[in-house]
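Chemist: Curious how this folds, go ahead:
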Amino acid sequence: MSKRTRVTRVTRRTFAAAVTATPALLAQQITPAAVPPPQQRRDQTPPPDPFDAPLEFTRKDAAPKVEPFAMTQVRLLPGSTFHDAQEWNRGFMSRLSADRLLYNFRVNAGLPAPSEGFPGGGSSNWERPNDGTRATELRGHFTGHFLSASANLWASTGDKAAKAKGDEMVAELAKCQQKLGGGYLSAFPMSLFDRLDRLAGNPAASSRVPGIPVEETLPWAPFYTIHKIMAGLFDMYQYAGNRQALAVVTGMAGWADQWSASKTEEHMQQILNTEYGGIAETLYNLAAATNNDKWAAVGDRFTKKRFVNPLALRRDQLTGLHVNTHVPQVIAAARRYEISADPRFHDVADFFYWTVSTGRSYVTGGTSNGESWQMPPRRLAAELQRSVSTAECCCSYNMLKLTRHLYSWSPDPHYFDYFERTLLNERIGTIHPKTGWTQYYLSLTPGAWKTFCNEDKSFWCCTGSGVEEYSKLNDSIYWHDEQGLYVNLFISSELNWTEKGLKVRQETGFPREQTTALAITSEKPQTMALRLRVPIWAAGSTVKLNGKPLDAGAEPGGYLTIHRAWKTGDRVEMTLPMRLSAEPMPDDATTQAFLYGPLVLAGDLGNEGLTDEMIFGTNSPAISRPRPNAAAAAATPPRPQRPTAPAIEVPTFHAAAADPAAWIKPGDTAMTFHTTGQQKDVTLVPINTLFEKRYSVYWKVS
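Modeler: Numbering: from 1, shown residues only. Here you go, the predicted model:
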């Protein structure tokens, strides 16, 4: 090794109040009791809540410690699962016409609509036009997701057709906005907002109660839908350079300002009890992009204080909340911190991430049950019993977005241990090969099966977050700071660091292969640090530089840093040893899941009773969402439902030893395992490779 080459080991820094300690325990939760309670004053008078006073915005950017490379600088290489998922998704997107995606907007604006939109599918089709029955009140949301995905696809692949379709849609949406007047743009009439204004705070106006006239029920999430449209337009500006999209989204922000400014704070807080998504995030992004603090002040009106106050005090009061309503609100809080340096918003995002990722997440990294958190933290075995509808995919999509924010503030590799596990199991495992169709929930109920949307009669929230997810799988592999480069994910890809005239090509078959290699090409020698994440599960990892082993070990859960003058021809090779591990539920040690490295293993239970109609279409695991009262329970908006299949026996296991490798043995093909010595043995494979089969992830183990 050259004397100029410095190799250092960086252990995982303390994360929040505690860190996990063993490779098998990434998702095994840290008790919230480990977080010290806020101190009270000596007179025992509780201090005011952090967000009691009216919010005032002052621009003061909190500089990031690290930043991701732009998607335009990173390309996925063919041959990997990630590249395949990108292409399956690109195919699905290419089959959806702009005219059909614009239909509801044109009808709402009174403009000619040359297509039929997306009729059919019943109440499970969230883009169904008004066909004489009650049209879905979320129509238009998927068009916003599609714009974001189109912008991502252009940035991540250079797909000119995707950009052209996105540009066409922006131009047509601008015409709809002009026709509607006043900056308002939606696929449904403004009367939904009139109902929201009039009925917010009225407990008798629960949304969609049977027998109550629609005019007397709360609308289903109009600001949620507006947020998706605004976010799509902003992404078309940010990632695809469409200036018209900036003008349209600014007009929408102006309308949101006018609408919300007329409400008292008390009434606005009542309005925020109806699902409204992360609209504040887009308003904060707009403020930063235009250097106009006005939009941040508008965003502040969408801060739900009864939600953020406990989080700022490091208290988990999430039980009973609808998960994907609130994760986007935390992303907005993270963005607010980044443009104001207000520590209250930092604490909201930091504690929320910590308590969800360590106390409310299943082995796959997914969170939620029936779209909500139904039990206290670390009661996941009990949570699993509440319904079959675990781990809504939107929630994982948004948790990964939040993770990126927190990692940029503090580049702790712990964040990417969580990110990697969620990406590999909860995201890559929920897109169907070839079709590009995606899931609503990843059910972890023993005997479950994967269920997917269809081509044009579903368009659930998770269909929308799906097209976004798989259009930007290159956005978190490589990060940088002033000292050099971070490699956080092992994905076959190429980085073009144009500012330095340096390229890094990562060659890997991970996770099927337990190695990765980085090949350097540089216009001139570049002195910098190369930081390789050593995953928490990769004990015994080794690194070679130009064929020679480094004389420093690589500690799991940290970074191995190589500092030298890099030149063309340099090559770094790293082993990623994977081994079996067991992960028990925190509240029931006899309920266990098994992993191979970061991969969650699922037992193949065959396909008895399954039909195509049960796997594709408008079906998905049935929902069981708790409601505060009977009227609200009847008000649950229609979610996709899953028909029942014949009951099957799910085996139980007897562990021959604490180490699962003693009784779970490798199969004949890579990443395939078989139990041994059981009353009924099972084949185990990564859950992200198993489709159209019934399976179990959690098992009873004695």
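Chemist: Which element is encountered next along the chain beyond the lowest-mean-pLDDT helix or strand in the chain?
Modeler: Sorting the helices and strands of the chain by mean pLDDT, DSSP states H and E puts helix 630-633 at the bottom, at a mean of 31. Going down the chain from helix 630-633, the next helix or strand is strand 664-666, by DSSP states H and E.
Chemist: List the contacts of that next one.
Modeler: 580, 594, 672-676, 684 (C-beta atoms under 8 Å, 6 or more residues apart in numbering). From N, CA and C alone the C-beta is placed, and that goes for glycine too.
Chemist: at 10 Å instead, please
Modeler: Here strand 664-666 makes contact (C-beta atoms under 10 Å, 6 or more residues apart in numbering) with 580, 582, 594, 596, 601, 653, 655-656, 672-678, 681-682, 684.
Chemist: Among those residues, which are located in strands?
Modeler: Taking DSSP state E as the definition of strands, these contribute 580, 582, 594, 596, 601, 673-675, 684.
Chemist: In ChimeraX, how would I select the buried members of those residues?
Modeler: Burial among the ones in strands among the contacts of strand 664-666 is assessed by 16 or more other C-beta atoms under 10 Å; the matching ChimeraX selection reads:
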select :580,582,594,596,601,673,675,684
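Chemist: Identify the farthest-apart pair in the ones in strands among the contacts of strand 664-666.
Modeler: Ala582 and His674 (15.9 Å; C-beta to C-beta).
Chemist: what are the C-alpha coordinates of the top helix by length along the chain, in CSV please?
Modeler: Longest among the helix segments of the chain by residue count, using DSSP state H, is helix 160-180. Taking Å, rounded to 0.1, in the frame of the first residue of the first chain, the C-alpha atoms of helix 160-180 are listed here in CSV:
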residue,chain,number,x,y,z
LYS,A,160,-36.6,11.7,-23.6
ALA,A,161,-40.1,10.2,-24.1
ALA,A,162,-40.8,10.4,-20.3
LYS,A,163,-39.8,14.0,-20.3
ALA,A,164,-41.8,14.8,-23.4
LYS,A,165,-45.0,13.2,-21.8
GLY,A,166,-44.4,15.1,-18.6
ASP,A,167,-43.9,18.4,-20.5
GLU,A,168,-47.1,17.8,-22.5
MET,A,169,-49.1,17.1,-19.3
VAL,A,170,-47.7,20.3,-17.6
ALA,A,171,-48.8,22.4,-20.6
GLU,A,172,-52.3,20.9,-20.6
LEU,A,173,-52.6,21.3,-16.8
ALA,A,174,-51.7,25.0,-17.3
LYS,A,175,-54.7,25.3,-19.6
CYS,A,176,-56.9,23.7,-17.0
GLN,A,177,-55.6,26.1,-14.4
GLN,A,178,-56.2,29.1,-16.6
LYS,A,179,-59.7,28.0,-17.3
LEU,A,180,-60.5,27.5,-13.6
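Chemist: next SSE after it?
Modeler: Following helix 160-180 in sequence order, the next helix or strand is helix 191-199 (DSSP H and E).
Chemist: coming back round to it: out of the ones in strands among the contacts of strand 664-666, which one sits closest to Ser123?
Modeler: Nearest to Ser123 out of those is Leu601 (C-beta to C-beta; 36.2 Å).
Chemist: Which residue is the nearest non-sequential neighbour of that closest one?
Modeler: Sequence neighbours aside, Leu684 is the residue nearest to Leu601 in space, at 4.2 Å (criterion: C-beta to C-beta, 6 or more residues apart in numbering).
Chemist: What is the neighbour count of Gly509?
Modeler: If you count neighbours by other C-beta atoms under 10 Å, Gly509 ends up with 15.
Chemist: Distance of it relative to Pro666?
Modeler: Applying C-beta to C-beta, to the nearest Å, the value for Gly509 to Pro666 is 17 Å.
Chemist: and if you look at His563?
Modeler: Note on His563: its distance to Pro666, by C-beta to C-beta, is 38 Å.
Chemist: more crowded one of the two?
Modeler: Between His563 and Pro666, counted using other C-beta under 10 Å, His563 has the larger neighbour count: 17 against 13.
Chemist: what's near enough to touch the most centrally placed residue in the chain?
Modeler: In the chain, the centroid-proximal residue (C-alpha atoms, centre = their mean) is Tyr397; its distance is 1.2 Å. Taking C-beta under 10 Å, 6+ apart, we find Tyr397 in contact with 324, 327-328, 422, 426-427, 430, 461-462, 464-466, 468-469.
Chemist: Which of those residues fall within helices?
Modeler: 324, 327-328, 422, 461-462, 464-466, 468-469.
Chemist: could those residues be laid out in CSV, adding neighbour count?
Modeler: Rendered in CSV, the data for the ones in helices among the contacts of Tyr397 read as follows (neighbours: other C-beta atoms under 10 Å):
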residue, neighbour count
Asn324, 25
Val327, 26
Pro328, 27
Thr422, 27
Cys461, 25
Cys462, 27
Gly464, 26
Ser465, 25
Gly466, 29
Glu468, 25
Glu469, 27
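Chemist: which secondary structure elements does whichever strand or helix holds Phe146 contact?
Modeler: If you go by DSSP H and E, Phe146 is part of helix 141-157. Packing partners of helix 141-157 (3 or more C-beta pairs under 10 Å, 6 or more residues apart in numbering; DSSP states H and E): strand 74-76, helix 81-94, helix 98-109, helix 160-180, helix 222-240, helix 461-469.
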